[in-house]
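Undergrad: Fold the following for me, if possible:
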Amino acid sequence: MNSRQSWLIFYIGSFAYLSAVLQRSSLGIAGVAATERFGGSASLLSSLAVVQLAVYAAAQIPVGVLIDRYGARVLVITGTALMVIGQVTLAFAPSMTIAVIGRILVGAGDAALFISMIRLIASWFTGRIVPQLSQWLGNIGQLGQVLSAVPLAWVLHTWGWTPTFLSAASVAMVALVVVIVVVRDQPDRASVENRPSSWRAALVQLKHSFKRPGTQLGFWSHYVTQSSGTVFTLLWGFPFMVYGLGYNPSLAAAMLMVLVGAGMVCGPLLGILTARYPLRRSNIVLGVVTLMGVAWAAVLLWPGEPPFWLIVLLLIALGIGGPGSLIGFDFARTFNPQRNHGSANGVVNVGGFTASFVMVYLIGLLLDLQDQWRVAGGAATDLYSLDSFRVAFSVQFVVVGIGVLFLLRARMRTRVKLSRDEGVEVAPLWVAVARAWRRRQRPE
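TA: As a prediction, the model looks like this:
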């Protein structure tokens, strides 16, 4: 554990996850090009992203069960291979139907990578470094967004659609080769022997994972923190900045790197806080959600066009949401035995991507409806107007607000179970702060 081989597997697996994020986010900079290549409305364009996210979310629990049954290595290899095939399909797609098939393959492959890596980290490392490595995995992976926002955007602008997606597929191909050569499931055979011996046993483990309040707390933590940033980077952020705000496409693509930078700076800090204050992880999650909500409210309620500095602050807040969502996996890790980590992580990872594809679709639908009403009233079509984006993006408050309510409920049940099973009482944050203040005020 924590050996040189452990670190080598972490680095190679992180590169594979970086490749997966590149494949996932490649459509974000190609949204305008997809409209030109395939035609169609905002709802039709959003279907490319929605189907990918829907497949990703739907595959999480089956992938988690497969990890528990066959190990993370098999799933990383299979997932990376599917992404290669999917991106090649998208590169040569002559119609929207074929493009959707390509994104289905990308979504299915992408679904296997992250929770497999979370499992590998837990298998090869031990101690307080585990939650920090989870944050670093997320940070390294987000460099895939940098590759899509700058080099891939440049390839798209210079050479067009097909070379762009073939370039992305070539990165996944390199990742596939090095994973086959280097990655192994665990340092010994103990975890192999503890794997469920049948599908029925694996499904029983899934049932137990799903019923644990700590797993549910992880699900809703991921749901409320990850979704908004994913929606912005995966599809709607680029059209919002180009058409709604009038930014140059090159500037809009580069702006997406602000999210990555914010995540890379704040991710390690969140990892340290998570490891140091394990009983306050839900408060950290709620703080991140509040930050994103305030930033969105400021942008959407700003009279006229929001200033550039406010958009930068919004992107920073959304960037913090990415590493904030990884706290959900720390709940899964600490409230489940290691043999259940695959299925528990799968349950958690469904959360953010379920919220994401719901919001992606609703935003596209609201943009279309507003444009139809505008045209019916005798005005000219203006699908991506700033006012339309204001209304469409507001749907996030409904989707995330529902998640916050369920998070609070899951937290209450988790704390009750901790008190009953382990005798650990977790006081409300304001009570804990007041107690700490009184202790500091006492004379020595």
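Undergrad: Can you tell me the closest non-neighbouring residue to residue 123?
TA: Counting by C-beta to C-beta, 6 or more residues apart in numbering, residue 186 is the residue found nearest to residue 123 once chain neighbours are left out, at 4.4 Å. Yep, even glycine has a C-beta here, placed from its N, CA and C like the rest.
Undergrad: remind me which residues of the stretch 1-150 of the chain are low pLDDT?
TA: Along the stretch 1-150 of the chain, the model assigns pLDDT under 70 to residues 31-32, 40-46, 149.
Undergrad: in it, which spans are helices?
TA: 4-25, 31-38, 42-70, 72-91, 96-124, 129-149 (DSSP state H, counting those that start in this stretch).
Undergrad: for those helices, which one ends up most surrounded?
TA: Ranked by mean neighbour count, these are led by helix 96-124 with a mean of 25 (mean count of other C-beta atoms under 10 Å).
Undergrad: what packs against it?
TA: Applying 3 or more C-beta pairs under 8 Å, 6 or more residues apart in numbering; DSSP states H and E, we find helix 96-124 packed against helix 4-25, helix 31-38, helix 42-70, helix 72-91, helix 129-149, helix 327-334, helix 341-376.
Undergrad: In CSV, list these along with distance to residue 418.
TA: Conversion of the helices and strands packed on helix 96-124 to CSV gives the following (distance: least, C-beta to C-beta, whole Å):
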stretch, distance to residue 418
helix 4-25, 30
helix 31-38, 45
helix 42-70, 24
helix 72-91, 29
helix 129-149, 18
helix 327-334, 11
helix 341-376, 17
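Undergrad: Specify the stretch among those that is closest to residue 117.
TA: Ranking the helices and strands packed on helix 96-124 by proximity to residue 117 (C-beta to C-beta) places helix 4-25 first, at 4.8 Å.
Undergrad: quick check: angle from that closest one to helix 42-70?
TA: 160 degrees (axes from the mean of the first three to the mean of the last three C-alpha atoms, to 10 degrees).
Undergrad: that older thread, in a markdown table: the helices of the stretch 1-150 of the chain, plus distance to residue 388.
TA: Shown next, in a markdown table, are the helices of the stretch 1-150 of the chain (distance: least, C-beta to C-beta, whole Å):
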| stretch | distance to residue 388 |
| --- | --- |
| helix 4-25 | 24 |
| helix 31-38 | 16 |
| helix 42-70 | 9 |
| helix 72-91 | 28 |
| helix 96-124 | 23 |
| helix 129-149 | 24 |
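Undergrad: nearest to residue 345, of these?
TA: Nearest to residue 345 among the helices of the stretch 1-150 of the chain is helix 96-124 (4.0 Å), distances taken as C-beta to C-beta.
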